[in-house]
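[1] sequence and predicted structure are below.
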Amino acid sequence: MALVLVPISPDQLADWADTGILAGPRPGYAVTPGLRSAFAPSDEEEAEHIAALVASIAALAATGHRLVAVVECSPRPDTTADPDFGGVTVPDLAWASVQSLFADAPDAEGLPEAASAAAGLSLTQAWDLPEVVRLLAEADLLWHGAGEWRQLGTG
């Protein structure tokens, strides 16, 4: 079992909470040897924070929102993903596996600009965009317990 950060949309989050299952396989991000090599984190907490930021940008590019679920599961390596970003594939996930959620504040500085710039791009393409770099530097993700999902604009 590993800690995996799963990028999701607000609608996917609401469906997951309502039905109890998020269908896999789907992408996730974890602390992998590739991520450790690329980012050289000083400790496990920093490595997990980096994986959360990576997942948040994947979510931003795909959905226009930085919304990430933290789960404990048994991921498989994603051989199609850039290894520097710690890409993994996760199976079906039960809602009970959600340990926490990370999301932007509704008024996060630079979020609309970063979402517009990253829309539809791959993680690799979006990561170095000036608007995304600015968002990562200026807007911290906020921690939420799984039971707070309705407060994230989904319900």
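    That came in fine, so what should we check first? Numbering: from 1, shown residues only.
[2] tell me which helix or strand the residue nearest to the spatial centre of the chain sits in.
    Closest residue to the average C-alpha location of the chain: residue 55 at 2.6 Å, with C-alpha atoms, centre = their mean. Here residue 55, judged by DSSP states H and E, is contained in helix 44-63.
[3] who does the next helix or strand after that helix pair up with?
    Later in the chain than helix 44-63, the nearest helix or strand by DSSP H and E is strand 67-73. Here strand 67-73 is paired, per DSSP bridges, with strand 2-7 (antiparallel), strand 98-103 (antiparallel).
[4] check which residues of strand 67-73 are buried.
    67-71, 73 (16 or more other C-beta atoms under 10 Å). For every residue, glycine as well, the C-beta is placed using N, CA and C.
[5] and stretch 18-27, by the same measure?
    Those buried within stretch 18-27 under the rule 16+ other C-beta under 10 Å are 22, 24, 26-27.
[6] do the same with stretch 7-18
    In stretch 7-18, counting by 16+ other C-beta under 10 Å, buried: 7-8, 10, 12-17.
[7] chain center to it, what's the gap?
    Relative to the mean C-alpha coordinate of its chain, stretch 7-18 is positioned 13 Å out (C-alpha atoms, centre = their mean, to the nearest Å).
[8] same check on stretch 45-56?
    8 Å.
[9] show me where the chain has helices.
    10-19, 33-39, 44-63, 111-118, 123-127, 130-138 (DSSP state H).
[10] highest average neighbour count across those helices?
    helix 44-63 (a mean of 21; mean count of other C-beta atoms under 10 Å).
[11] elements contacting it?
    The contact analysis (3 or more C-beta pairs under 8 Å, 6 or more residues apart in numbering; DSSP states H and E) places helix 44-63 against strand 2-7, strand 26-29, helix 33-39, strand 67-73, helix 111-118, helix 123-127, helix 130-138.
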